[in-house]
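*Asks:* The sequence and its predicted three-dimensional model are supplied below.
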Protein chains: 2
Amino acid sequence: MTAYQAPLEDVHFLMKDVFKVDQLWAELSGHDELDVDTADAILEGAAKICEQVIAPLNRPSDEQGVVWVDGKIVAADGYKEAYQTFCEGGWNALEGNSEYGAMGMPKTLVAPIDEFVRGSCMSFGLLPMLTIGASVAIDKHGSEPIKERYLPKMYSGEWTGAMDLTEPHCGTDLGLIRTKAVPEADGSYRLSGTKIFITWGEHELSDNIIHLVLAKLPGAPAGTRGISLFLVPKYIVNDDGALGDRNSVSCGSIEHKMGIKASATCVMNFDAASAWLIGEENKGLACMFTMMNNERLAVGVQGLGVAELAYQQALAYAKDRLQGRSPTGAKNKDQEADSLLVHPDIRRILLKMKALNEGGRAFYLYVARLLDIEGFSSDPAKQREASSLVALLTPVVKAFVTDMAFDTAVDGQQVLGGHGFIREWGLEQHVRDIRITQIYEGTNGIQAMDLIARKVIPDKGAVLSVYLAEISAFIDEVEGHARLSFCLPALRQLVVMVKEVTDALISASAGDANAPGAAAVDYLHLLGYLSYAYMWAIITASLAVSGRDDVLAQAKWHTAKFFFSKLLPKTHALKESILAGSDSLMALGDEHF
Amino acid sequence: MTAYQAPLEDVHFLMKDVFKVDQLWAELSGHDELDVDTADAILEGAAKICEQVIAPLNRPSDEQGVVWVDGKIVAADGYKEAYQTFCEGGWNALEGNSEYGAMGMPKTLVAPIDEFVRGSCMSFGLLPMLTIGASVAIDKHGSEPIKERYLPKMYSGEWTGAMDLTEPHCGTDLGLIRTKAVPEADGSYRLSGTKIFITWGEHELSDNIIHLVLAKLPGAPAGTRGISLFLVPKYIVNDDGALGDRNSVSCGSIEHKMGIKASATCVMNFDAASAWLIGEENKGLACMFTMMNNERLAVGVQGLGVAELAYQQALAYAKDRLQGRSPTGAKNKDQEADSLLVHPDIRRILLKMKALNEGGRAFYLYVARLLDIEGFSSDPAKQREASSLVALLTPVVKAFVTDMAFDTAVDGQQVLGGHGFIREWGLEQHVRDIRITQIYEGTNGIQAMDLIARKVIPDKGAVLSVYLAEISAFIDEVEGHARLSFCLPALRQLVVMVKEVTDALISASAGDANAPGAAAVDYLHLLGYLSYAYMWAIITASLAVSGRDDVLAQAKWHTAKFFFSKLLPKTHALKESILAGSDSLMALGDEHF
């Protein structure tokens, strides 16, 4: 099967030509010395370790899986060595706080590297991904001594992180958690309870594991207002920073899953474990959302990484496999059949994969750019606007990108026909792996509720209007280019349609509490298609302006036209379904299901 | 996890109220003594063996899989006993030719039983499914001595059947096959070659395995016109009917697959194996299509069977799991949360599953009814019309039903959140199992090409017009019922739209050989939605006429309204995508992918 190749050329094009990161970084405090040449060198280094060290783990470790033996986890062959190489290269420390030993790089550079790592081997990539999520929360909400004690070792990768949220009886509804933390005289806590679905909650790949655990204090308010966040290390860290006693946290078992089989999904038992508060008492949900928002973008990127591999493998098969003849006559006359690539329906599938992957990559970079402005701009007004757009688009990047990534993996499987169903060809693994990205870090249905009920309805679409105004301003700016007539009118119509649908939804929701939920997923998809259409328009606009006309540029024009003519029509269906309201969902009694 | 329950009530409703099978059977030669009461007793018997004997195999055998040892296949625990019970009950002999010991039952009765068997355990259900497919081809194309020798044992289940088509280098493009058959003096042949993806090609569950194998005779014309069909038994059958020597056919290995893990998918090696011709020399493709068309309907039914189980399990979870509160205020005040069923988005998912499953069930029964008319009507004109509609709708029932079934399984997984990804809950298995139904017996892309390029364009939509006229006549007939205003105008518009799109496509295809392939999958989906819309209209029309108003009837009204308001809008997107033509697919050079 085709080996993973990091999509360096596309990333370079998006960063340099489309998003002009040189200009962006020059305006950001702390990043003004970074330039595209340096970034290219870093990206090439990342591509090298991903292609040569991580990608070879992907198929074998899916077959081997992880094993639980007496509370210990045996990782798949090669994980330990690869993780060491990864950490030694500093790849764990790209984006953290430079005061504690990380490199503090902008998201616009880190996100593509995340894509490479997750795309080469999703199970492996989850380990640094969780560590980064945990370190972001510690950096933002931890006390100074906590940060000094834990962050350097997490950035170096010597210690890894885990997020412990879900309990057997509650996933989405965190207000129901039962894990308890009792204060001790020394300012620490004793934490007891059981958490499930804890990714890399236990393993022997690092010296220590830093769990961030949601729990309730005695007498805490009911529901989500009574949740606090605690740090629970696997080994207690002594005052001198050395590892001390084993904490009373243990892995009771692991789950047997559809995919990401080489990552340990642990049941974690806390039995009066020593714990330290992160952030304020009863403010754990806000701290958790710092971590979750970081992970939500990361999950979108992760889905895309695997979908990219699915595309590469499906394309290689389509070019190689000889089967049937082109409808317009034999193209490969000296052989008994033409390649699959001559068939219009195979081209449709591959173009769909390509258009969604490259649109998704542009979109996550667009959101990464907003995150960089939010984090590092010296202009507070720009920061505020970027921050509100990040809040709006984070559920879209998590849910839409992963929904499209799943479809892409399924499509890739279809290109291989029967071989797509066979494990050794690898395509079926991508379907099994990506599937979880639609579920974890908040199901995509929950993302859709977050979008509509928290980000759009409460401010009556104010932040959305900022986004729509930005798109309209872009259209105004480039409208003169005749080559963009395939997309700008359609994009303009779509902006109007989204506004109308949003207004209708806001007003329906005023009188019908079920209206947001009834429309949520369709509405998120509508914003997803709008965002991808915007991305394809800015991609082609950059080419119209630059006049670039090499193979990459030609491919972008073709793919953009495909997106607008063959995929964007889905927005009409979404609109109608949204406007159909909630009646047909809510009229049934339980007995009618 | 919820145990499988055969959907007896819905089947009974569809057979009796909607399709009025009593009336149908009375008009069919050989079936006039069958009535709904007898059918109900048979269906209840089938439900019993499926629920009690077959369904319990499903999860354990997915975990256990099949094992290849020195050319022999070890089936999962319980398969041997269950298969014996199944055969002893006569369930293998329902639809075969009564002259050779089968019961010759109509498809309208057999198809729902097929759904129960495949839904209870897809891996197990493949064994009788392949036997039936093979016996249909032998019955239709075999010589009298062949039929006498093989059919009774296949109907009794003592011998099973296998279809050996695919070779390592060719799947869809059967013209490329290399397996050879050389005639012997005694009228038999010696067949040599390798076949892959042979479902239940080897096992020890029956005394003999009857392979139907595509091969080429010496000097046969190139391509598909030079293919012949051969019968190759695992054990040679002596003239007295007793089993003789082992034939030189052997299983070289088995595939490791995404799903249907408890069915053996074999590489079969034929080494100058004794073989007998079925049908005429070089007419093997036609014989194979007899088998394939039977299997194509069966694959649609199979996908639906598993999708039904996914719905039952997702619904049970949604009713049981307490998480969050209803948007309109707590519904379950004495507990800490409401059930998932209060959430609009969960209801949307479940209703989508329900609407597609029940619509699909009606649709396969509709096609089964046409098959019964084709096979047993005494009116040749009715037979001809039914036959042409069967040809038109077979690719739709295969591909659209399985595409919707896959989506349904994925949706079911989503209802369970993280538990949907865990093997012990069973939902992820359905996704893995159903996935193959979109691939085998001709990928769904190939079904779409069959529909557009063989069934619609060559006769300029003549048969399609018969279907559309039938729908229009139905609308005219029931238009007076005010309660049907939610669906009849939309259905009428859809008929007009399908006609327009078809005309446009036929005329585009005259000048553009890529036009059919570029539109094929979208077009098949358009006919799929039209067909399901027609089904939901005739279902509710039957209720409008009868005035039936129990829970089942109320649920049908609600589900039909959901289908028309929330799912049918997809047809607008399909129309636009079809009319966008082939340019955006064909403009790219190989280097642009």
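*Replies:* Received the coordinates, thanks. Numbering: from 1, shown residues only, chains lettered A, B, ... in the order given.

*Asks:* ok, then the element right after the worst-scoring helix or strand of chain A on mean pLDDT?
*Replies:* Least confident helix or strand, chain A: helix A:284-320 with a mean of 93, by mean pLDDT, DSSP states H and E. Per DSSP states H and E, helix A:284-320 leads on to helix A:344-376 as the next helix or strand towards the C-terminus.

*Asks:* and the angle from that following helix to helix A:284-320?
*Replies:* Using axes from the mean of the first three to the mean of the last three Cα atoms, to 10 degrees, the inter-axis angle of helix A:344-376 relative to helix A:284-320 is 150 degrees.

*Asks:* tell me which residues in whichever helix or strand comes after helix A:344-376 are buried?
*Replies:* Going down the chain from helix A:344-376, the next helix or strand is helix A:380-415, by DSSP H and E. Within helix A:380-415, the residues that count as buried by 16 or more other Cβ atoms under 10 Å in any protein chain shown are A:383, A:385-415. In short, each C-beta sits where N, CA and C put it, glycine included.

*Asks:* which of those residues come close to chain B?
*Replies:* Among the buried residues of helix A:380-415, proximity to chain B is found for A:F406, A:V410, A:Q413, A:Q414 (Cβ under 8 Å from any Cβ of the partner chain).

*Asks:* For the last one, give me its contacts.
*Replies:* Spelled out, it's A:Q414. If you count contacts by Cβ atoms under 8 Å, 6 or more residues apart in numbering or on different chains, A:Q414 has them with A:I349, A:G420, B:Q438, B:I439, B:T443, B:N444, B:G445.

*Asks:* phi, psi of the one residue in the stretch 51-200 of chain A that gets nearest to chain B?
*Replies:* Of all residues in the stretch 51-200 of chain A, A:D173 sits closest to chain B, at 4.4 Å by Cβ to the nearest Cβ. A:D173 adopts backbone torsions of phi -90, psi 80, taken as degrees, to the nearest 10.

*Asks:* Run a quick neighbour tally on it.
*Replies:* A total of 19 residues lie near A:D173 under the criterion other Cβ atoms under 10 Å in any protein chain shown.

*Asks:* which regions of the stretch 101-250 of chain A lie under the pLDDT threshold?
*Replies:* Within the stretch 101-250 of chain A, not a single segment meets pLDDT under 70.

*Asks:* Tell me which residue in the stretch 301-450 of chain A sits closest to chain B.
*Replies:* Going by Cβ to the nearest Cβ, chain B is nearest to A:P344 of the stretch 301-450 of chain A, at 3.3 Å.

*Asks:* wait, isn't that residue in contact with B:G517?
*Replies:* Yes. The pair formed by A:P344 and B:G517 meets the contact definition of Cβ atoms under 8 Å, at 3.3 Å.

*Asks:* any common contacting residues for those two?
*Replies:* Contact criterion Cβ under 8 Å, 6+ apart; residues shared by A:P344 and B:G517: A:P327, B:S582.

*Asks:* quick revisit: export the ones next to chain B among the buried residues of helix A:380-415 as CSV, with columns for pLDDT and distance to B:I49.
*Replies:* Listed next are those as CSV, based on pLDDT from 0 to 100; distance: Cβ to Cβ, whole Å:
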residue, pLDDT, distance to B:I49
A:F406, 98, 36
A:V410, 98, 34
A:Q413, 98, 34
A:Q414, 98, 34
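
*Asks:* For the residues you listed, which two are the farthest from each other?
*Replies:* A:F406 and A:Q414 (13.0 Å; Cβ to Cβ).

*Asks:* picking that back up, save the contacts of A:Q414 as TSV, and put in distance to A:L205 too.
*Replies:* Formatted as TSV, the contacts of A:Q414 follow (distance: Cβ to Cβ, whole Å):
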residue	distance to A:L205
A:I349	38
A:G420	32
B:Q438	38
B:I439	37
B:T443	41
B:N444	42
B:G445	43
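
*Asks:* Cross the residues you listed against helices and list the overlap.
*Replies:* The subset of the contacts of A:Q414 located in helices under the criterion DSSP state H comprises A:I349, B:N444, B:G445.

*Asks:* The second one against B:D403, yeah?
*Replies:* I take that to be B:N444. Yes. Taking contacts as Cβ under 8 Å, B:N444 lies within contact range of B:D403: 6.0 Å.

*Asks:* list residues touching both of the two?
*Replies:* Counting by Cβ under 8 Å, 6+ apart, the contacts common to B:N444 and B:D403 are B:Q438.

*Asks:* Show me the strands in chain A, by range?
*Replies:* A:67-69, A:72-74, A:159-164, A:180-183, A:189-199, A:208-215, A:228-233, A:235-237, A:243-246, A:249-254, A:265-278 (DSSP state E).

*Asks:* so which of the ones you listed comes closest to B:T2?
*Replies:* B:T2 lies closest to strand A:189-199 among the strands of chain A, at 20.9 Å (Cβ to Cβ).

*Asks:* Within the sheet, what are the partner strands of that closest one, with directions?
*Replies:* Sheet pairing of strand A:189-199 (DSSP bridges) gives strand A:180-183 (antiparallel), strand A:265-278 (antiparallel).

*Asks:* Name the residues that touch the shortest one?
*Replies:* If you take Cβ under 8 Å, 6+ apart as the criterion, strand A:180-183 is touched by A:189-193, A:215-218, A:228, A:230, A:275, A:277.

*Asks:* how about 10 Å then?
*Replies:* With contact meaning Cβ atoms under 10 Å, 6 or more residues apart in numbering or on different chains, strand A:180-183 is reached by A:188-193, A:213-218, A:220, A:228-230, A:232, A:270, A:272-273, A:275-277, A:281, A:284.

*Asks:* Pull out the buried residues from it.
*Replies:* A:K180, A:A181.

*Asks:* Over to the longest one?
*Replies:* Of the residues in strand A:265-278, those buried by neighbour count under the rule 16+ other Cβ under 10 Å are A:265-270, A:272-278.

*Asks:* pLDDT (mean, whole number) over it?
*Replies:* Rounded to a whole number, the mean pLDDT of strand A:265-278 is 98.

*Asks:* Break down the stretch 51-200 of chain A into its helices, ranges please.
*Replies:* Counting by DSSP state H, counting those that start in this stretch, one finds helices in the stretch 51-200 of chain A at the ranges A:58-64, A:79-88, A:107-120, A:122-141, A:144-156.

*Asks:* how many neighbours does the residue in the stretch 401-550 of chain A positioned nearest to chain B have?
*Replies:* Closest residue of the stretch 401-550 of chain A to chain B, Cβ to the nearest Cβ: A:G517 (3.3 Å). Burial of A:G517 is recorded as 27 neighbouring residues (other Cβ under 10 Å).

*Asks:* residues touching it, list them.
*Replies:* By Cβ under 10 Å, 6+ apart, the contact set of A:G517 is A:445, A:448-449, A:452-453, A:509, A:582, A:585-586, B:326-327, B:342-348.

*Asks:* Mind doing that once more with 8 Å?
*Replies:* A:M449, A:I452, A:A453, A:S582, B:P327, B:H343, B:P344, B:D345.

*Asks:* got it, and A:L427?
*Replies:* A:L427 touches A:A310, A:Q313, A:A314, A:A409, A:G412, A:Q413, A:L416, A:H419, A:G420, counting by Cβ under 8 Å, 6+ apart.

*Asks:* Can you check the pLDDT for it?
*Replies:* 98.

*Asks:* Check the residue of chain A positioned farthest from its centre and give its pLDDT.
*Replies:* Taking Cα atoms, centre = their mean, the residue of chain A most remote from its mean C-alpha position is A:D334, at 45.9 Å. On the pLDDT scale, A:D334 is placed at 92.
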